[in-house]
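Engineer: With the sequence up front, the predicted model follows.
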Amino acid sequence: MDVASWNVNSLRARLERVGAWLDREAPDVVCLQETKATDDKFPREVFEDRGYDLEVFGQPTYNGVCIAAKAPYALEDVQRGFPDASSDAEKRLIAATVGGLRLVNVYVPNGSSVGSDKFEYKLRWYARLRKLLDDTADPDTPWVICGDFNVAPDDRDVHAPDAYRGAVMFSDEEKAAYQRLKAFGLADVLRHFSDEAGVYTWWDYRRLGFQKNRGWRIDHFLATPPAVERARSIRVNRDERKGPQPSDHAPVIATFTDA
DNA sequence: ATGGCTGCTTTGAGCAGA
C-alpha cells in the first residue's frame, strides 16, 4: 500500500498536475495539505473519477486537508480536527483507518516567526497533537502520522543549517516540540531507511530556491513500531517541484505491506 | 535590513506561507 503526502499549495491551482501525478504514481492512499478550498468547492472529481474514496476538511483561503483511498482500500472511522476543536477555525487535521493503519494527516502551523503569536500557536498545536496520541493511540498498534510538520529535525535536513539555526522551522523550541511528539513512540520513516543529508521536500519559491537546491525536509512520515515494521520504502517525488506551476513542496510516498 | 514568489480574496491590495 503506497501512502502519499503532499502539500499542494491550493488543489484548484494544481488540478492538472495532481491528476497527472495520480495517473503516474497511482498511490493507494493520498493525504493532501493546504487544499485551500471549502468542502463545497473541493474538486472531488480529480479523485472520484479515478476511483478514490475521499474525505475532506476545508475552509476558505487557508489550510484544508483531505484523505483519499483507492479500491480495494477504503476510509473508515474518519475524524476531522482535534476532539476538542469545535471552536477551532483552522482545518489542519484529518484522520482515518485504512488498510489496517490508523492514518493521521496533519498540516502543522508554520509559526511565522520565532516568538510571534503564531509561533506560540504552533507550539501549542504540537502539544495538542501529542495529547491526541496520548488519549487515543497506542504505540503497540500501527499508527502513521504524515504531513507538513513545518520543522526540519536536524542539520541534515536544511541546505544551510548554520544560516537558519534558531529561525522558524529550525529553532530549538520547534525541534523540541517535534521530539516530544516523537517520544510518544514514533519513528521517522525516512530515517529508518536512510541517514543521508539533503533529502528535501520543500524549496522556497523565491530567489531560485529550487534551482539552487536550497531545500528543507519538513514533510514527514512518523510511525509506531508496528507500522514501521510494515514500511518497505519511502521516496520524494522531487521532479514534481519542476516545470510549470509547481507546488513549493514535493510529494513523499511511503510503501507499507498489507496487514 | 529588506524582500525575494505564489495563491487567495465577494478584484485588488494585503495577508499568509515557509
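Structural biologist: Sure, I can see it.
Engineer: quick one: the helices in the stretch 151-259 of chain A?
Structural biologist: For the stretch 151-259 of chain A, the helices defined by DSSP state H, counting those that start in this stretch cover A:161-164, A:172-182, A:189-193, A:225-230.
Engineer: Let me have those in CSV, extended by distance to A:Pro109, mean neighbour count and mean pLDDT.
Structural biologist: C-beta: built from backbone N, CA, C; applies to glycine. Supplementary listing: the helices of the stretch 151-259 of chain A in CSV, determined by distance: least, Cβ to Cβ, whole Å; neighbours: other Cβ atoms under 10 Å; pLDDT from 0 to 100:
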stretch, distance to A:Pro109, mean neighbour count, mean pLDDT
helix A:161-164, 18, 12, 97
helix A:172-182, 10, 17, 98
helix A:189-193, 22, 19, 98
helix A:225-230, 25, 17, 98
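Engineer: can you redo these as JSON lines with distance to A:Tyr205?
Structural biologist: Below are these laid out as JSON lines (distance: least, Cβ to Cβ, whole Å):
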{"stretch": "helix A:161-164", "distance to A:Tyr205": "17"}
{"stretch": "helix A:172-182", "distance to A:Tyr205": "22"}
{"stretch": "helix A:189-193", "distance to A:Tyr205": "24"}
{"stretch": "helix A:225-230", "distance to A:Tyr205": "33"}
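Engineer: A:Ala259: which of those helices is closest?
Structural biologist: Go through the helices of the stretch 151-259 of chain A one by one with Cβ to Cβ and the one that ends up closest to A:Ala259 is helix A:225-230, at 7.3 Å.
Engineer: Any chance you could list what contacts the closest one?
Structural biologist: Counting by Cβ atoms under 8 Å, 6 or more residues apart in numbering, helix A:225-230 makes contact with A:101, A:139-144, A:185, A:187, A:189, A:192, A:256-257, A:259, all of which sit outside it.
Engineer: Export stretch A:144-158 to CSV, keeping only CA atoms.
Structural biologist: Coordinates of each C-alpha in stretch A:144-158 appear next as CSV, following Å, rounded to 0.1, in the frame of the first residue of the first chain:
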residue,chain,number,x,y,z
VAL,A,144,1.1,6.7,10.9
ILE,A,145,1.2,10.5,11.2
CYS,A,146,2.1,12.1,8.0
GLY,A,147,2.0,15.6,6.5
ASP,A,148,3.7,19.0,6.6
PHE,A,149,5.3,19.3,10.0
ASN,A,150,7.0,22.7,9.3
VAL,A,151,10.1,21.6,11.2
ALA,A,152,13.4,20.4,9.9
PRO,A,153,14.5,17.9,12.5
ASP,A,154,18.3,18.2,12.3
ASP,A,155,21.2,19.7,10.3
ARG,A,156,20.9,17.1,7.5
ASP,A,157,17.5,18.5,6.7
VAL,A,158,18.4,22.1,5.8
